[in-house]
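Engineer: model this:
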Amino acid sequence: MEIEIRRPDDWHLHLRDGAAMAAVLPFTAARFARAIVMPNLKPPVTTTEAATQYRARILAALPAGAKFTPLMTLYLTDRTAPDEIERAKTSGIVFACKLYPAGATTNADSGVTDIRHIDAALARMAEIGLPLLVHGEVTGREVDVFERETRFITEVLAPTIARHPKLRVVFEHITTRGAVEFVKAARDGVAATITPQHLLHNRNAIFEGGIRPHFYCLPILKTEPDRAALLEAATSGNPRFFLGTDSAPHAQHTKENACGCAGMFSAHAGIELYAEAFETAGKLDKLEGFAADFGADFYRLPRNQERIRLVKRAWTPPANYPMDGANRLVPMRAGEPVAWQLAA
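Structural biologist: Numbers count the residues shown, from 1 in each chain. Take a look at the predicted model:
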């Protein structure tokens, strides 16, 4: 069995930098034509100049003959000025700005402490059509980790969307039934990405046989009814929902320790894992729209013309991949079969 689809894009990707980027970039470039590249480096990509330099490093690290376009983003801080937003749009290489609530996830220490601090920047983004990408979690220590997304919707996202009625927003890596219902009912210009791990797993995966740190990501995996709602949304053909892997490489020793990093690396099977999820729902015919059409339409970019083939042939990712220096990277589904394979 095989299927052919338009070559997909990844609308939420972490590439890191330096040797780590060189190690993981070929996986994405082999599968995806374009990707929205996250700006949470150290230091973060807060200016158009930094985004331009980062883009050059990505292009220099591409394998020979690879056809891949990085779409850059800016990291919003409490001090992001409207003039920087204008420079980003004018550059032609920055396609969105990313909201990390301060402390919400990896390298979010410089993130926004109160979204009203950036209202002027958001107003300029709405005016010139630059989308806002949100990591949708509140970060108060009193908030249960499984409730952070739900609280973000009511306390931050809904008021912001109402305050800026022309702002285009991507609610990234949604994880709950409530987020699905919010996006479905939202005004025009609101969309969401969904990851493979949140389509394929619920929070039991973190605790099967003991603590499994490679299933720890943020937002954290949720309940089975939440997973089922995400799968229904992804496979529904609703153009508000599209592919964003949130593939996040971390060295093995930084995951397997007393205070491990959040993130799952899925770029090695970035489209294959989605095919597996869509097959479980009996909706393989909906994969192309989710993976290749709806995101491009939202970002007002042309759909890719190239096509890829996926074959129903099981393969097993290795226990780890090289990352940088002596460090290794444990991929999603390490040592366990993936049902679909990208055809050569």
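
Engineer: For the rest of this, base every contact and every neighbour count on C-alpha atoms.
Structural biologist: Fine.

Engineer: Contacts for the helix or strand where residue 11 lies, please.
Structural biologist: According to DSSP states H and E, residue 11 maps onto strand 10-13. By Cα atoms under 8 Å, 6 or more residues apart in numbering, the residues outside strand 10-13 that reach it are 32, 34-38, 172, 193, 242-248, 291, 295.

Engineer: What helix or strand is residue 191 located in?
Structural biologist: Element membership of residue 191 [criterion: DSSP H and E] is strand 190-194.

Engineer: Counting by contacts, list what that strand packs against.
Structural biologist: In terms of contacts (3 or more Cα pairs under 8 Å, 6 or more residues apart in numbering; DSSP states H and E), strand 190-194 is packed against strand 169-172, helix 177-185, strand 241-243.

Engineer: between it and helix 177-185, how big is the angle?
Structural biologist: In terms of direction (axes from the mean of the first three to the mean of the last three Cα atoms, to 10 degrees), strand 190-194 departs from helix 177-185 by 140 degrees.

Engineer: partners of strand 190-194 in the sheet?
Structural biologist: strand 169-172 (parallel), strand 241-243 (parallel) (DSSP bridges).

Engineer: tell me which residues in that strand are buried?
Structural biologist: Under the neighbour-count criterion of 16 or more other Cα atoms under 10 Å, strand 190-194 has 190, 191, 192, 193, 194 buried.

Engineer: Take the strands paired with strand 190-194 and lay them out in CSV including mean pLDDT and mean neighbour count.
Structural biologist: Output for the strands paired with strand 190-194, formatted as CSV (pLDDT from 0 to 100; neighbours: other Cα atoms under 10 Å):
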stretch, mean pLDDT, mean neighbour count
strand 169-172, 98, 24
strand 241-243, 98, 31
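
Engineer: So for residue 184, which of the ones you listed sits nearest?
Structural biologist: Shortest distance between residue 184 and these, using Cα to Cα, is found for strand 241-243: 9.0 Å.

Engineer: which residues are contacting that closest one?
Structural biologist: Contact with strand 241-243 is made by 9-12, 191-195, 233-234, 289-292, 294-295, as judged by Cα under 8 Å, 6+ apart.

Engineer: looking at this, residue 166 is in a strand?
Structural biologist: No. Counting by DSSP: H, G, I helix; E, B strand; the rest coil, one finds residue 166 to be coil, located in no strand.

Engineer: OK, contacts around the nearest residue to it once chain neighbours are set aside?
Structural biologist: In this structure, residue 166 finds its nearest non-sequential neighbour in residue 126, 5.3 Å apart by Cα to Cα, 6 or more residues apart in numbering. Applying Cα under 8 Å, 6+ apart to residue 126 gives the contacts 164, 166, 167, 168.
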